[in-house]
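Q: The following block contains a protein sequence and its predicted model.
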Amino acid sequence: MKYLIVGLGNIGSDYKGTRHNIGFMVVDQLLEKLGGEFVLDRHAHTALAKHKGRQLHLIKPTTYMNLSGKAVKFHLSKHKIPLENLLIITDDLSLPFGKLRLRAKGSAGGHNGHKHIQEVMATQAYARLKFGIGDDFSRGKQVNYVLDPFTIHEQAELPNHIDRAVDMTLAFATVGINRAMGMFNGK
């Protein structure tokens, strides 16, 4: 069975370690755990990892957050992966820092990466792992907040939250979205 695991973020050193790049960080940690390396492919840095008989096609789009749908659509088609085996990992302002939530489908919720994916794919029916980054910003400062690095306090806690996100991703690929949501959501 094949899966497409997409960590959303922005390429380039200016964005490394920012809240908006948490999807990249989770996918990087997943690949470190399973072994392998990313290579540049069309619209994304890609890697193939294996876990319990599953092929996990990991991608970090090079299209920037607001055009993520191009990479998702291309790699789903290239690897002939069904939509139900797609997981998008993103930051989420509506969740407190470190709170993780799996969803089988949903609206974009103001997230530009999801907006473009839903526009290009013409559906909201794909799984997503939301990684809470909190909303500690002044009115009108949302863009600065998501593009800022995590605070020193957040950085100290980040590895544990990323490890949990990796576990949730592997559960999605092995037991399915519904069982994975039951195992992890609300905990």
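A: That came in fine, so what should we check first? Numbers count the residues shown, from 1 in each chain.

Q: in the longest helix along the chain, what counts as buried?
A: Longest helix in the chain, counting residues (DSSP state H): helix 152-175. Residues 154, 158, 161-162, 164-173 are the ones in helix 152-175 that count as buried (16 or more other CB atoms under 10 Å). Using the backbone N, CA and C atoms, a C-beta is placed for each residue, glycine as well.

Q: mind checking how far the helix or strand encompassing Lys33 is from the chain centre?
A: If you go by DSSP states H and E, Lys33 is part of helix 22-34. Centre-to-centre, helix 22-34 and its host chain are 9 Å apart (CA atoms, centre = their mean, to the nearest Å).

Q: Restricting to C-alpha, output that helix in CSV.
A: The C-alpha trace of helix 22-34 is given here as CSV (Å, rounded to 0.1, in the frame of the first residue of the first chain):
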residue,chain,number,x,y,z
ILE,A,22,6.3,22.7,11.2
GLY,A,23,5.0,20.3,8.4
PHE,A,24,8.6,20.2,7.0
MET,A,25,10.0,19.5,10.5
VAL,A,26,7.6,16.6,11.1
VAL,A,27,8.4,15.0,7.8
ASP,A,28,12.1,15.5,8.3
GLN,A,29,11.8,13.7,11.7
LEU,A,30,9.7,10.9,10.2
LEU,A,31,12.4,10.3,7.5
GLU,A,32,15.2,10.4,10.1
LYS,A,33,13.3,7.7,12.1
LEU,A,34,12.7,5.5,9.1
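
Q: which SSE is Gly106 in?
A: Gly106 belongs to no helix or strand, assigned by DSSP H and E.

Q: hang on, it packs against Thr123?
A: No: applying CB atoms under 8 Å as the test, Gly106 and Thr123 come out as separate, 11.1 Å apart.

Q: For the two, indicate the residue with more neighbours.
A: Neighbour count, other CB atoms under 10 Å: between Gly106 and Thr123, Gly106 has more, with 15 against 10.

Q: Excluding chain neighbours, what is closest to that one?
A: Gln124 (6.1 Å; CB to CB, 6 or more residues apart in numbering).

Q: and the one you found, how far is that from Asp91?
A: Distance of Gln124 to Asp91, given as CB to CB, to the nearest Å: 18 Å.

Q: Dump the buried residues of helix 152-175 to TSV, plus distance to Asn185.
A: Formatted as TSV, those follow (distance: CB to CB, whole Å):
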residue	distance to Asn185
Glu154	22
Leu158	20
His161	15
Ile162	17
Arg164	12
Ala165	13
Val166	16
Asp167	13
Met168	9
Thr169	14
Leu170	16
Ala171	11
Phe172	12
Ala173	17
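
Q: What helix or strand is the residue nearest in space to the middle of the chain located in?
A: Centroid-nearest residue in the chain: Ile89, 1.5 Å away (criterion: CA atoms, centre = their mean). According to DSSP H and E, Ile89 maps onto strand 86-92.

Q: where does Gly110 land on pLDDT?
A: pLDDT, Gly110: 83.

Q: All set, thanks.
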